[in-house]
Each structure stands twice: as C-alpha cells, then as structure tokens.
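Undergrad: Sequence below, structure please.
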Amino acid sequence: MGHLRNIKELYRSLNTHISHHQTQLPDTPAAHQILKVLFSPEEAELALKLPFKPVKLKTLARRLQESPEVLHQKLDKMADRGLVFDFLREETGEYYYILAPPIVGFLEFSFMRVRGDIPQKELANLLYESFHKDKQFVAGLFGGQTNIGRTLVHESTLPEDYSDILSYEQATALIEESGGGAVSLCYCRHSASHVDQGCNNPQEICTSLYEGADFVIRHGFGRHVEQQELLDILAQARELGLVQIADNVQNKPTYICHCCGCCCGQLTAINKWGISNAVHTSNFIAAVDEAACAGCGRCARRCPIGAIKLESKMPYTPVRHDLLARIDEEICLGCGVCVPACKKDALSMAPRPKRVLTPETTLERVLRMNLENGTIQYLLFNDPTNQNHQWLNRFLNVIFKLPPVKWVLLNESLQSRYINHLMKGARKTVPDGMKDVIAPRRSQP
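TA: I've put the predicted structure just below:
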C-alpha cells in the first residue's frame, strides 16, 4: 500500500508541475491516469526536474548530477515519446531540452503515429471522456485569454483586390515561406478512431513547419514533405471544408492543423462547452447579403462550430426560401469555410472591426500565457532542483493570485512592456540558432 501511495503521489506531483506550463492539465483522476499511461515512474521522476524553457544538456546534467552522456540517452528516449522537446544547435552539436506541455505537446504526440509503446485505445478512451464529460479539463487547456492556436482565413474567399491581409494570416504564404516541412497523423481524428468516434476526413494531414517539422522528422512522428505536397494537402483540406488552425505566432509557426468540428479538441471546446475563445479567430468575419440569401442552409451545415443559424424572414411564411442565414458574430472563427458552400454568392468575408492580437514569436506567446495563468515565475526561476527557486516560486505563486496584482499584469500596456523586457533578456540565454524562432529582435522597442 505504501508503494501504491508513493506512485499515486508521484503522478499527482507531476500533474502539479505540468500545471505551471503555458497550457495547464487540470488536477483530475483522469489527468493522473493519462500521465501514468504516458510517463513511466522513472520518466515522471525526471520530468519533475525539467524546466519550462530550453536549457543546455550540460547545464541539466550538472543540476541533476548525471553524466551528459547518460542524461542525453534518457532525454532522447523521452523525446522519441513526445514527452520532452529538444532543440539541436547544429553549429556546436549542443542539445537544449524542455519539458513538453500538454497542448501542443505530449497529448498530440501520443497519436501522431501508430504506436506500440503505449496503450493507445486506453489513452483514447481517457481523452474522449475528459474532452466530452469534463469542462474543467477542457477549460484548463483552452480557456485562457491568449491561446495556443489561431484561425487562418481561406484566402480565396477574400476579394481579389484585397491587399491588407498579412503573410502570417495566409496558410499558403506560411507554407511557401517555410520551403517544406513534415506531415503526420491528425492526433484528434486518430484518437477518435480508437473509440469509434472518428470521421471520414483524412488522418495523414497534420502539417509541421520549421522547428516543429525538424522535431517531428528527427523523432519519427511524421515524414518529410516538400512544399508542393504541403500545398496539395492544404488544397485537399479546403475542398473538404476543414478549418486551418495554426500556431498562434507571426514568426515561423511550427504547425498548421486541418480541423473538423467533430474531432478537433479546440472546436469541441466551442461546440460542446461554449468556450468561444478556445481558438483565436482570424481578422475576418463572415457576412450575409440578405437580398441574395436563399435560406438553403448549406452554409449552416458547413460551419464547424454552428455559428450560422437559419431564421425566418418577417412576416413568417412556411416556405424554405423565406429563411435567412444569420451569423453569430460572438463565435464566428472567420475561417471562410462557409463561403464556398453558398451557391448564391450571398456570403463574403469582411475585416473585423478590431484586429486580433497575434504574438510575434513563440516566446511572446508563452510569456503572455504564463502571465495570464499566474505562472510566469516558473519561467523566471526555472530550476525545479534549486531550493531557492522552489521557495521563490511558492512565494510568487501566492502574490500573483492576489486580484490587484493579477489586474496589473493583465493590463495590456504594462503587459506588453514587461514582455518586451523579458524578451530582451531571453536573447542572451537562448541558443543562436533558435533566436529567430523564439526571440527575434523587434523593429521597434
């Protein structure tokens, strides 16, 4: 019994440790079981000592009092399982490591390939139960003010002469700028297929770019593909009415997902639980030409989150063409999936009145998410093995939960200044090869 209690406490402690990451895994029995499936007890012990920002292998070895060679073998094995992320500085051959977050992280990598090292059906059942029966679980992953993913508008739904759309808002431009990447199984559809809830949309469609593609290829989670194949995958996904959801950054996003409303975890958070900000919208919104709308319902059936409803024209008559499509502007993603479905040219995409903030870099997004979660201290004092860091994190954890402090940190102007200050410091600590991805120099202070 003592041994069982120790194992139970180990995974509860790991759950707590992971909750200090950019995305949080709620403290539930299902979450503990998910961690137990993914992490062996030895891996869980090591994960408890890993930081949330990239640290050099030699530094980690010194902290953990292990030889770099032995630690590298352990961490490389965990990277092969998607439990940690590694970054290789090619000029020096040095590795940097970070504990993977739940999203985008070890939950996705558990189903981005067919695996025999974990019981995928058991894990799929745990994830399905958590996503469909536990709002706390879903809100912990997708309920933040700054979220992990953002919607990309279907460029072909915009007017041909529209020139204000930026390159980071276009899936086509992101793929062309990347020069190629990787393709893997869609985590959501693969997982759903294990519990007989999958759909007929293709599974080998999940796109990784830049550092994300490098990790996926090196650790066997997907295969390398050239730029043209990625563009062909994008065209296929759009033809099927799938939503493009990308890494919520402007500079070198690491992935583009092709999502369906029935399987996608982020869209399930909207459809099932009403968490409307589970994925950030694009800078566009659907608009209906009421004079042209025939009330056929094609657009409503195509919308992946039910943001389009049919309402009766006034006065009411029980005739099909007396119905009119209405857009729920509170939840419309601005994906443009509905526009090609309309045969009357009654739908178009219009600019949103207020532009949506997209963090410039991965580091900026991570800092914003940690500020909002009240966990920024775990990035500033990032050595879990250091007693001083442990004490400072406990102390600041109490301080940051105070309402006035939280209000100040979430003030947009102060938050931006603070993030800029932290990003300047980050450039001194991240490896040179990662600076353009994680913390490039800003053109303005």
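Undergrad: check contacts around Glu108.
TA: By CB atoms under 8 Å, 6 or more residues apart in numbering, the residues touching Glu108 are Gly82, Tyr187. C-beta: built from backbone N, CA, C; applies to glycine.
Undergrad: if we go to 7 Å?
TA: Contacts of Glu108 were listed using CB atoms under 7 Å, 6 or more residues apart in numbering, and they are Tyr187.
Undergrad: Work out the gap between the helix or strand containing it and the centre of the chain.
TA: Element membership for Glu108, per DSSP states H and E: helix 107-109. Distance, stretch centre to chain centre, for helix 107-109: 11 Å (CA atoms, centre = their mean, to the nearest Å).
Undergrad: Could you do stretch 6-24 as well?
TA: Distance of stretch 6-24 from the chain centroid (CA atoms, centre = their mean) equals 20 Å.
Undergrad: what's next to it, contact-wise?
TA: For stretch 6-24, contacts defined as CB under 7 Å, 6+ apart pick out 25, 27, 31-32, 35-36, 39, 41, 44, 47-48, 52, 101-103, 140-141, 148, 366, 369-370, 373, 375, 378.
Undergrad: now swap in stretch 341-351 and tell me
TA: Around stretch 341-351, the neighbours that count as contacts under CB under 7 Å, 6+ apart are 153, 157-158, 283-289, 292-294, 298-299, 302, 334, 336, 338-339.
Undergrad: how about a cut-off of 8 Å?
TA: With contacts defined as CB under 8 Å, 6+ apart, stretch 341-351 is touched by 153-154, 157-159, 164, 241, 283-290, 292-294, 296, 298-299, 301-302, 325, 334, 336, 338-339.
Undergrad: follow-up on the earlier one: what's the following helix or strand after the helix holding Glu108?
TA: Per DSSP H and E, the first helix or strand lying C-terminal to helix 107-109 is helix 120-133.
Undergrad: What helices and strands are in contact with that next one?
TA: helix 29-38, helix 135-142, helix 187-193, helix 265-273 (3 or more CB pairs under 8 Å, 6 or more residues apart in numbering; DSSP states H and E).
Undergrad: Those helices: lowest mean pLDDT?
TA: Comparing mean pLDDT across the helices and strands packed on helix 120-133, the weakest is helix 135-142, with a mean of 90.
Undergrad: buried residues in the host helix or strand of Glu9?
TA: Element membership for Glu9, per DSSP H and E: helix 2-18. Using 16 or more other CB atoms under 10 Å as the test for burial, helix 2-18 gives Leu10, Tyr11, Leu14, Asn15, His17, Ile18.
Undergrad: How about stretch 149-156?
TA: Gly149, Arg150, Thr151, Leu152, Val153, His154, Glu155.
Undergrad: which residues sit against it?
TA: With contact meaning CB under 8 Å, 6+ apart, stretch 149-156 is reached by 104, 165, 169-172, 174, 238, 243-248, 256-257, 266, 279-284, 333-337, 339-340, 349, 356, 358.
Undergrad: Output it as PDB, restricted to C-alpha atoms.
TA: Taking only C-alpha atoms (Å, rounded to 0.1, in the frame of the first residue of the first chain), the coordinates of stretch 149-156 have been written out as PDB:
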ATOM      1  CA  GLY A 149      -4.000  28.200 -31.800                       C
ATOM      2  CA  ARG A 150      -5.400  30.800 -34.300                       C
ATOM      3  CA  THR A 151      -7.700  30.500 -37.200                       C
ATOM      4  CA  LEU A 152      -6.500  31.200 -40.800                       C
ATOM      5  CA  VAL A 153      -8.900  32.600 -43.300                       C
ATOM      6  CA  HIS A 154      -9.400  30.900 -46.600                       C
ATOM      7  CA  GLU A 155      -7.600  33.400 -48.800                       C
ATOM      8  CA  SER A 156      -9.700  32.600 -51.900                       C
END
